[in-house]
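Peer 1: Sharing a model that was predicted from the sequence below.
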Amino acid sequence: QVQLQESGPGLVKPSQTLSLTCTVSGGSINSDGYYWNWIRQHPGKGLEWFGYIYYSGSTYYNPSLKSRVTFSVDTSKNQFSLMLTSVTAADTAVYYCARDYYGSGKFDPWGQGTLVTVSS
Amino acid sequence: DIQMTQSPSSLSASVGDTVTITCRASQDIRNDLNWYQQKPGKAPKRLIYATSSLQSGVPSRFSGSGSGTQFTLTISSLQPEDFATYYCLQHKTYPLTFGGGTKVEIK
């Protein structure tokens, strides 16, 4: 079965760039119809959807974050990545990667999540 | 963006109770609504999709209903493992948006 695993620094300094990678195992990131998503959750708060990338490289970014977010995909490594620039303490959150089918919002599976703290 | 408003934000209930969580959309989303359950320290788990379709493996005590702008998640005969936070998600229009969550606590 497909599994996702986030990786990246747990601590990022303010104004720097947050970079995370999601590794897909048990299946191919090239699978037709599957969108690869990023979602975050501020401590003790709700869920915020960043957007998705398709294996072809096509993307959708949430307009609320669009100016600071870039997704990329590396099909040779079965990975996709998130870059968030100019971070502040407000970007401290648990970041999840998740798969869904054609933007149906049926996120499954999810990664376990990784806490990223923005602090000097 | 479509705003999703959940109520209540938290509730206390006992094992065996029936609980109902409401999700209201700021505009018509047809039946493009999913429900997720999240336990502390874990990723959310998909419960229901397309308003009322139960994800495989989810107990039948969970049910969803609604259409347009008003939706409900009902948990019949609450079990100890059901104490968690529940989120609705609309997928009618991008950006996808979640409700603020409803925490179901043990009374």
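Peer 2: Alright, I've got the coordinates. Numbering: from 1, shown residues only, chains lettered A, B, ... in the order given.

Peer 1: And the strands in the chain?
Peer 2: Picking chain A for this. When secondary structure is read from DSSP state E, chain A shows strands at A:3-7, A:11-12, A:18-25, A:34-41, A:47-53, A:59-61, A:69-74, A:79-84, A:93-101, A:114-118.

Peer 1: not what I meant, chain B
Peer 2: B:4-7, B:10-13, B:19-25, B:33-38, B:45-49, B:53-54, B:62-67, B:70-75, B:85-90, B:97-98, B:102-106.

Peer 1: got the buried residues for the longest one?
Peer 2: What it means is strand B:19-25. B:19, B:21, B:22, B:23, B:24, B:25 (16 or more other C-beta atoms under 10 Å in any protein chain shown). Yep, even glycine has a C-beta here, placed from its N, CA and C like the rest.

Peer 1: can you check stretch B:33-51 too?
Peer 2: Those would be B:33-38, B:43-49, B:51, for stretch B:33-51 by 16+ other C-beta under 10 Å.

Peer 1: Does that stretch reach chain A?
Peer 2: Yes. Using C-beta under 8 Å from any C-beta of the partner chain, we find that stretch B:33-51 touches chain A at B:34, B:36, B:42, B:43, B:44, B:45, B:46, B:49.

Peer 1: Can you pick out the most distant pair from the buried residues of strand B:19-25?
Peer 2: Between any two of those, the greatest separation by C-beta to C-beta is 20.6 Å, found for B:19 and B:25.

Peer 1: Next, find the distance separating whatever residue of chain A ends up closest to chain B from residue B:88.
Peer 2: Nearest residue of chain A to chain B, counting by C-beta to the nearest C-beta: residue A:105, 3.1 Å away. Using C-beta to C-beta, to the nearest Å, residue A:105 is found at 10 Å from residue B:88.
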